[in-house]
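> give me the fold of what follows.
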Amino acid sequence: MEKHRCGWCIGDPLYEAYHDEEWGVPVYDDATLFEFLILETFQAGLSWITVLRKRENFKKAFDNFDYKKIANYKQSKIDALLQNEGIIRNKLKVNATVINAQAFIKIQEEFGSFSKYIWDFVDGKPIKNSLKDYRKAPANTALSDAISKDLKKRGFKFVGTTVMYAHMQATGMVNDHEVSCFRYNEV
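Next up is the predicted model:
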């Protein structure tokens, strides 16, 4: 019997695998949270599938999303990234990645981990919504507004409220699987 999935991923094997294995699963690991944060910032203004198709290229280009290395990128590395056809070559977003890595480390120093910082916004447990249709999911919420505002205050770039809501969905801070989706109760 075919599993019922959220409508947004149907028809593309890469999208379906991402939906089935990653999307909405609570992430507490700083390295993975950073990866998603970077991918979400590059997604701003584009479709998620575009970023997902380039994910491995991003991983290689950005040293396996090692925020400690990225925080120390020199201009020569940034220039090389801007020539890399395998990623989204947006100068502002590439520069923001370096700035965000530096800000990420500052949050770790202040809170012990980025995970503790970000998950404190939801008291450490996912918000479980009850969507019947994925198209009814909000693009942002008061909570994503608050997270975005706080991250910007801490120096982050490209972390608008819509980007942050997508990050919350991807990392399981909010469960926006459709109630009829087989993943709804699994995550």
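> point to the residue nearest the middle of this structure.
The residue lying closest to the centre of the chain (CA atoms, centre = their mean) is Phe36, at 3.1 Å.
> could I get the contacting residues of it?
By CB atoms under 8 Å, 6 or more residues apart in numbering, the contact set of Phe36 is 27, 167, 170-171. Any C-beta I mention is one placed from the backbone N, CA and C, and that applies to glycine too.
> which of those residues lies closest to Asp150?
His167 (13.1 Å; CB to CB).
> show me the contacts for that closest one.
Counting by CB under 8 Å, 6+ apart, His167 touches 36-37, 40, 173.
> go through these and flag which are in strands.
Assignment to strands by DSSP state E places none of the contacts of His167 there.
> can you show me the helices along the protein?
For the chain, the helices defined by DSSP state H cover 13-21, 30-43, 48-53, 55-61, 67-70, 75-82, 91-111, 114-119, 142-153, 161-170.
> for Tyr184, find the nearest of the ones you listed.
Of all the helices of the chain, helix 13-21 comes closest under CB to CB, at 11.6 Å.
> deepest of the helices of the chain, which one?
Using mean count of other CB atoms under 10 Å, the stretch among these with the greatest mean number of neighbours is helix 161-170 (a mean of 24).
> report the distance from that one to the chain centre.
Mean-position distance between helix 161-170 and its chain equals 7 Å (CA atoms, centre = their mean, to the nearest Å).
> do the same with stretch 93-103
14 Å.
> and stretch 3-18, by the same measure?
In terms of CA atoms, centre = their mean, the centre of stretch 3-18 is set 18 Å apart from its chain centre.
> need the distance between the two termini of it.
15 Å (CA to CA, to the nearest Å).
> who touches it?
Stretch 3-18 is contacted from outside by 19-20, 23, 49, 52-53, 133-135, 177-178, 180-183, using CB under 8 Å, 6+ apart.
> could you rerun that using 6 Å?
With contacts defined as CB atoms under 6 Å, 6 or more residues apart in numbering, stretch 3-18 is touched by 19, 49, 52, 134, 177-178, 180-182.
> now stretch 120-133
Outside stretch 120-133, the residues that touch it by CB under 6 Å, 6+ apart are 26, 137, 147, 172-176, 178-179.
> perfect, I'm done here.
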